[in-house]
Structures are given as C-alpha cells and as structure tokens.
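# Please find the sequence and the predicted model below.
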Amino acid sequence: MAHTLLAAAFVVTTAVTGYAAPTPAPTSPPGPVAVTTCGQTVTSDAYLARDLTCPTDTAVVLAGDGVDLDLRGHVLRGTRESNGVVLPGWENHTISNGTIRGFGAGVSTTEVDVTVTEPRVRLQDVVLRENGFGLDASFTSRVVVTGGRVVDNDHGVSGGFRGYVEVTGGTLFRGNGLAISQWVDVEGATFTGNDLVGECSDGYLRISGSRVTRNRQVFGSTFACAPVLESSYVAHNDLVLPVEHYPSGTALLTDNEFVRNGVVIDAFGPVEAVGNTFVRNDVAVRSPEVGVPEENPDWVWAHVTLTDNVFLRNGDAIDVLSPGVLTGNRVERSTGWGIHAPDVTDGGGNTASRNGREPQCTGVVCG
C-alpha cells in the first residue's frame, strides 16, 4: 500500500512540474582570428596580433563575404615587392584602426561585380603610408574611406575600371605624389603638401567641402574628365585648374574661396565658375585664343563661363581670349587686368574698378 501511494505521488509531481530533459547551452560564435604570419588567408573576422613585416608576396588575403580586419593599432609593413591587404572579389569588408605601410599596393581589389550597390569595402581610421598605391580600387564597385590618413604614397587613392571611391570623415592627404584619381568623390578632406591632388584622364573627380592648401598643383590631366570643385578653401597652391579640352563635359567650380594661389584657372577647355571668391592670386582666370584643329572639329575647346564671382586684389583677374559668357562678376584692385575678355558674350551686371591696367573692361560693359 505504501509503495502504491509513493508511485502515485511521483506521477502527480512530474505532471505538475512538467519536467523536461536539460537543453545544451547555446554556443558562442567563434572569435576573430589572429593574423600572425605573412601570406595568411582568413575566411572569418580577423585582427592583427602584432606589428608584422612582409617583404614578399601578399601580407593578408580576406577571402569570404563579410570578413573584417581590425589592425588594432598595429603596423602592417611591406616592400614594393609585396602587397598589403588583398580582397579577391567578395564584398562587405571593413579594414580599420591601424597602419598599412611600404607596399606596392597597401589595399587592393582583384575582381569586379557591377551588380553590387552597397559599399564592398570600408576603410575606417586607417593610415596608408609610403606605398606605391595606398588604395587601388580599380576592380570593385564601391569603396568608402572614412577618416584616417593617406601620407607619402606615390599614388594615394585610385578608382577606375568600374571602381568608385567615396572619401569622407576628415581624411588627410599629405605628401603624396598623386593624392586621388579616377572615379573618386571627396567630401570634407584636407589636402596639403601633395605634388598633385587629383587627376583623371577618364571618369569622374569631385572635391567638396575640403581644405586644399600648399600643393604644387591641384588638378592635373583632366582630358575627357570634367572635375568638380565646390565649397572648398583653396590657398597657396602653384596651379589649381589647367583645363584641357573635354569631349563630354565642363569643369565646374562653385562657391570656393581661392586665396594666394599662383594661377587658379588656366583654361584650354570649357570651364564654368559660379559664386567663387578670388583673393590675391597671381592670375585668377585666363585662357588663350584657341583655334579649332581640323583633326578634331567636333571637340569643345576653350569656353569660359563666369557668373557672380568676386575678384579682389589679384594680379590679373580675368584675361580670357577665348569665347565665353561673363555675368555679374565684380573685379576690384587687380594690379594687372580687371576684365580683359574681348571675345565673350556680355551677360550683364559686371563691374570693375581700381585695377592696374586700362581699360577696366574689355568685351563687356561694366556698370
């Protein structure tokens, strides 16, 4: 009888408590992989465990979708015979927080997928120093560079061949042979001490909201690539914009402040400048008298459009011998020409006074 009561009690207890077998504890995802040797291929998130020097071949390959590399403040160093971080075609990578130095290419991509619309690669707070190419994004759809520094490279950041690079977040470009080229869009960067800031023989190049000072030259070869420079402070450069002929576009400068440069605009192709201020430059705007070559009669050659600009205390302010349109420009206290533009269309509203050469206005009627 006692055994029967105990058995009944056990049945009741288990029914009430709903006893079930224990379930195993959830497993944690694996942590990041340590990069400790040269030539390492990683297929999951990784970090640089220490400073690492790789004199030949490739230092690190990120092989997989969504693989990130945290440099953790360390230096990944190479020679011009080696490459730093190579990304062979997958997407959604972030490289962050350290220095990549001395390689043939610091960061490079090797394949392209034009269907990708989101950033394939992000560089966050990375220093690219003394490389042949800091970032070579020639074979990828989109790379975003945020913060960091691009310093003393032969060639800082390059897109092209379906590669497109966005630079933002106060990135510094200093001491590079060529800072940016081919399909690069820059917002809020600083360029100083570069031999050449930007060049694109074909593609797209835009600099906006940036500080561009003490470079030898801002734009270089721009054949078939009409650069855009806007809302920037541009000072103490030898030459800003030598405008070549553009079969498919017009160089555009809007709302910039140009101070104490050598020559700002040297136009051999079409250029439009709107709402800029030119102060104490040796030459603000000039263009030669251009005949159309017989071998290229359909190309657009020098045509200068100047609208609502202010010119103060320059050497020559406007010395334009090519066709163009001048509207609403104010020119004062140049030591040389005020407005010397004998072949332009007068859009009205131009003024010139107290400039060094007479007449104050040629080609337009000044109020």
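Alright, I've got the coordinates.
# Hmm, V157 is touching V145, no?
Yes - with contact defined as Cβ atoms under 8 Å, V157 counts as touching V145 (6.5 Å). In this view, the C-beta of every residue, glycine as well, is placed from N, C-alpha and C.
# any common contacting residues for these two?
Common neighbours of V157 and V145 (criterion: Cβ atoms under 8 Å, 6 or more residues apart in numbering): L135, V165, V167.
# Return the subset of the residues you listed lying in strands.
L135, V165, V167 (DSSP state E).
# so which of those residues is the most crowded?
Greatest neighbour count in these, by other Cβ atoms under 10 Å, goes to L135: 33 neighbours.
# show me the residues around it that make contact.
With Cβ under 8 Å, 6+ apart, L135 has these contacts: G106, V107, S108, L123, L128, V143, V145, V150, G156, V157, S158, V165.
# Quick check, the fourth one in contact with G98.
In this case it means L123. No - with contact defined as Cβ under 8 Å, L123 does not count as touching G98 (10.5 Å).
# So if I had to pick from the two, which one is more boxed in?
Higher neighbour count among L123 and G98: L123, with 30 against 21, using other Cβ under 10 Å.
# and the gap between that one and G134?
9 Å (Cβ to Cβ, to the nearest Å).
# Now do the shared contacts for the two.
Shared contacts of L123 and G134, counting by Cβ under 8 Å, 6+ apart, come down to V107.
# how about the helices of this protein, start to end?
Counting by DSSP state H, the chain has helices at residues 2-17.
# Where does pLDDT dip in the stretch 151-300 of the chain?
162, 223, 245-248, 291-300 (pLDDT under 70).
# mean confidence for stretch 104-123?
Stretch 104-123 carries an average pLDDT of 75.
# For that stretch, measure first residue to last.
18 Å (Cα to Cα, to the nearest Å).
# Stretch 122-142 too?
9 Å.
# same deal with stretch 82-101?
With Cα to Cα, one end of stretch 82-101 sits 11 Å from the other.
# what does stretch 228-240 give?
This stretch, stretch 228-240, spans 12 Å end to end (Cα to Cα).
# What of stretch 172-191?
6 Å.
# list the contacts for the spatially closest residue to A273 that is not a sequence neighbour?
Once flanking residues are discounted, A273 sits nearest to L253: 4.5 Å by Cβ to Cβ, 6 or more residues apart in numbering. L253 makes contacts with V228, L229, E230, L241, I265, V271, E272, A273, V274, N276, as judged by Cβ under 8 Å, 6+ apart.
# In CSV, list those along with neighbour count and distance to V61.
Shown next, in CSV, are the contacts of L253 (neighbours: other Cβ atoms under 10 Å; distance: Cβ to Cβ, whole Å):
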residue, neighbour count, distance to V61
V228, 17, 36
L229, 28, 37
E230, 18, 38
L241, 27, 40
I265, 27, 45
V271, 27, 44
E272, 17, 45
A273, 26, 46
V274, 17, 47
N276, 26, 46
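# Can you report how many residues lie near the closest residue to G98 other than its chain neighbours?
Of all residues beyond its chain neighbours, the one nearest G98 is L71 (2.3 Å), with distances taken as Cβ to Cβ, 6+ apart. L71 is flanked by 24 other residues according to other Cβ under 10 Å.
# My guess is L71 contacts V126. True?
Yes - L71 is in contact with V126 according to Cβ under 8 Å; the separation is 7.1 Å.
# so what's in contact with the two at the same time?
With Cβ under 8 Å, 6+ apart as the test, L71 and V126 both reach I95, S96, N97, G98, T99, I100.
# Separate out the buried members of those residues.
The neighbour count (16 or more other Cβ atoms under 10 Å) marks I95, S96, N97, G98, T99, I100 as buried among the shared contacts of L71 and V126.
# For V167, give the beta-bridge partners.
Counting by DSSP bridges, V167 forms beta bridges with V145, V186.
# wait, isn't it in contact with V145?
Yes - between V167 and V145 there is a contact under Cβ under 8 Å: 4.6 Å.
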